[in-house]
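> for reference, the sequence and a predicted model appear below.
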Amino acid sequence: MESKDLKYWQDRRATLHFEGRAFIDGEYRASENGKRFDCVSPIDGKVLTEIAECGASDIDVAVAAARRAFEQRVWCGLNPRQRKAILLRWAASIGEHLDELALLETLDAGKPVADTTTVDVPGAAYCVQWFAEAIDKSGGEVAPADHHLVGLVTREPIGVVAAVVPWNFPLLMASWKFAPALAAGNSVVLKPSEKSPLTAIRIAQLAHEAGIPAGVFNVVPGTGEAGKQLALHRDVDCLAFTGSTQVGKLIMQYAGQSNLKRVWLELGGKSPNIVMPDCPDLDRAAQAAASAIFYNMGEMCTAGSRLLVHRDIKATFLDKLLAAARRYQPGNPMDPNTSMGAIVDHAQMERVLDYIRAGREEANLIAGGSRVHCDSGGFYIEPTIFDNDKPDARIVREEIFGPVLSVLTFDTVDEAVRIANESEYGLAAAVWTSDLATAHDVSRRLRAGTVWVNCYDEGGDMNFPFGGYKQSGNGRDKSLHALEKYTELKSTLIRLQ
Ligand code: NAP
Ligand code: MG
């Protein structure tokens, strides 16, 4: 078997085709006014290709195509097992294009190819497969009713679903939206981030080849303005968003200003990772704490960006943490040995460096803190750790979305829970303890959509709902519950003669 080393990926890159047009109503199209923007690789700062910049008129055309497909029932009118068969073909095709899609994702977003080949692309294919397999097995209810009635409770597709997604897991986050939405019978218009549109654009063609009818799956690359046009559109029935809390708030306003479309928000986080003095395995906890913040360059909504360590074990734990962090030195994302790649773009790198500057004034820098590999032209930041005794410091409160960890200290369980919950966010949290009662007690008191005990970032297949409390959003991706977002509940009451 060919070994997929750096040279393999460099050779593959030389023949890679970059499609930058929108995919609307079954075909690739330039934007109506011909506008385009540069797609830059954070690996070396060079332009990969140009991308169609969809504006209001392109959004209108895409939404109209989606609506037409829905009204004509070319997709929602298929039997569930027929939709399943087509989606399974698409999932298989995404898997067959693993190297191409993984390389596009790596070049576009700076993610290590070691991750895009094992997490992003296989995860997206599996998500499509999972919802395909679910859709001919989930039925409705026959409700208890008076004797003269038969009462059915059924779920129906909502209609046109728009998905607006971020750049940190471009294909995977998109799949968490479009897979359940399509499985349920909706038409979809997907707006990828301008920082990472390539894989979304590419899989549209694969969807078409797998048999998804024209108009059912559309991809409209563009800036935030394209997302705004979708959120304001009066013929979009549902908007599923993953991104920042700031933009999430705007999306809700746009829905209110237009047609009260259903809005689902998966937003930011500032997740606490609590290490109790009776932690069962400090080495494993330290490795997990490093991975929780340095995996994917810290560009993780669930990043364990606030590490809470009990005072009694702090010195020992910090030694282990610093050793674990050293394994995340940034390198060329196309090298399969690299575990930390490039920050997605220059602007995001500057944002992270600003936080590091603020952190130097508020806290004690104990690892990293600098941009590296500047001569590559790319955007790389070292794994950075602050020892922080001020829970109200900016770097502790605000989501950085980069490889920057704050370590906080606590003395009692109550204090740990209080600090952990002192955040506007509530996406995820973790606690490390050997005591069953502490594990249950703390996980109940943590205000977060996911709580890990003695682990971090365990995905648990597709079976666990994923989403946030508080300003981390509403609604849940993954699991059968995700289908609830893309369906309306209907009661049908039949009077018997
Ligand atoms: P973002 O700036 O909020 O952008 C998200 C998406 O919204 C992008 O496609 C963006 O387009 C678009 N957008 C920007 N302004 C808009 C507007 N006014 N109206 C409608 N759409 C608009 O977030 P990001 O920087 O891409 O991603 C990072 C954020 O995502 C973090 O806060 C992270 O925590 C969150 N996230 C959450 C989850 C979760 O499941 N909870 C998962 C991953 C990421 P452009 O990029 O083209 O501007
Ligand atoms: Mg890019």
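Looks like it arrived, so ask away. Ligands and ions are numbered 1, 2, ... in the order given.
> surely residue 474 and residue 265 touch.
Yes: contact between residue 474 and residue 265 holds when scored by Cβ atoms under 8 Å: they sit 5.5 Å apart. Glycine gets a C-beta too; all of them are placed from N, C-alpha and C.
> which of those two has more neighbours?
residue 265 (23 against 18; other Cβ atoms under 10 Å).
> okay, now the sheet partners of the helix or strand that one falls within, with direction.
Residue 265 belongs to strand 262-266 when assigned by DSSP states H and E. Under the criterion DSSP bridges, strand 262-266 sits next to strand 238-242 (parallel), strand 473-474 (antiparallel) in its sheet.
> helix or strand right after the longest one?
Where DSSP H and E defines the elements, the next helix or strand beyond strand 238-242 is helix 245-257.
> quick one: contacts for residue 160?
63, 66-67, 70, 186-189, 235-238 (Cβ atoms under 8 Å, 6 or more residues apart in numbering).
> can you pull up the bridge partners for it?
Residues in beta-bridge contact with residue 160 (DSSP bridges): residue 187.
> how about the residues of the stretch 101-250 of the chain by ligand 2?
Residues of the stretch 101-250 of the chain found near ligand 2 (Cβ under 5 Å from the ion) are 108, 195-196.
> same for ligand 1: which of the residues you listed are within range?
Counting by Cβ under 6 Å from any ligand atom, the subset of those that neighbours ligand 1 consists of residue 195.
> give me the subset of the residues of the stretch 101-250 of the chain next to ligand 2 lying in helices.
Among these, DSSP state H puts residue 108 in helices.
> present the residues of the stretch 101-250 of the chain next to ligand 2 as JSON lines; the columns should include neighbour count.
Output for these, formatted as JSON lines (neighbours: other Cβ atoms under 10 Å):
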{"residue": "108", "neighbour count": "29"}
{"residue": "195", "neighbour count": "20"}
{"residue": "196", "neighbour count": "29"}
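> which of the residues of the stretch 101-250 of the chain next to ligand 2 lies closest to residue 407?
Proximity of those to residue 407 (Cβ to Cβ) peaks at residue 195, which lies at 29.6 Å.
> the closest one contacts residue 109, correct?
Yes: Residue 195 is within contact range of residue 109, at 7.1 Å (criterion: Cβ under 8 Å).
> so what sits against both of the two?
The contact lists of residue 195 and residue 109 share 167, 344, where a contact means Cβ under 8 Å, 6+ apart.
> can you verify residue 37 is assigned to a strand?
Yes: under DSSP: H, G, I helix; E, B strand; the rest coil, residue 37 falls within a strand.
> model confidence for it, exactly?
Residue 37 carries a pLDDT value of 98.
> pull the contacting residues for it.
Residues in contact with residue 37 (Cβ under 8 Å, 6+ apart) are 50-51, 53, 194, 223.
> who are the neighbours in contact with the residue of the stretch 351-497 of the chain found nearest ligand 2?
Nearest residue of the stretch 351-497 of the chain to ligand 2: residue 379, at 10.5 Å (Cβ to the ion). Counting by Cβ under 8 Å, 6+ apart, residue 379 touches 42, 45, 110, 342-346, 348-349, 371.
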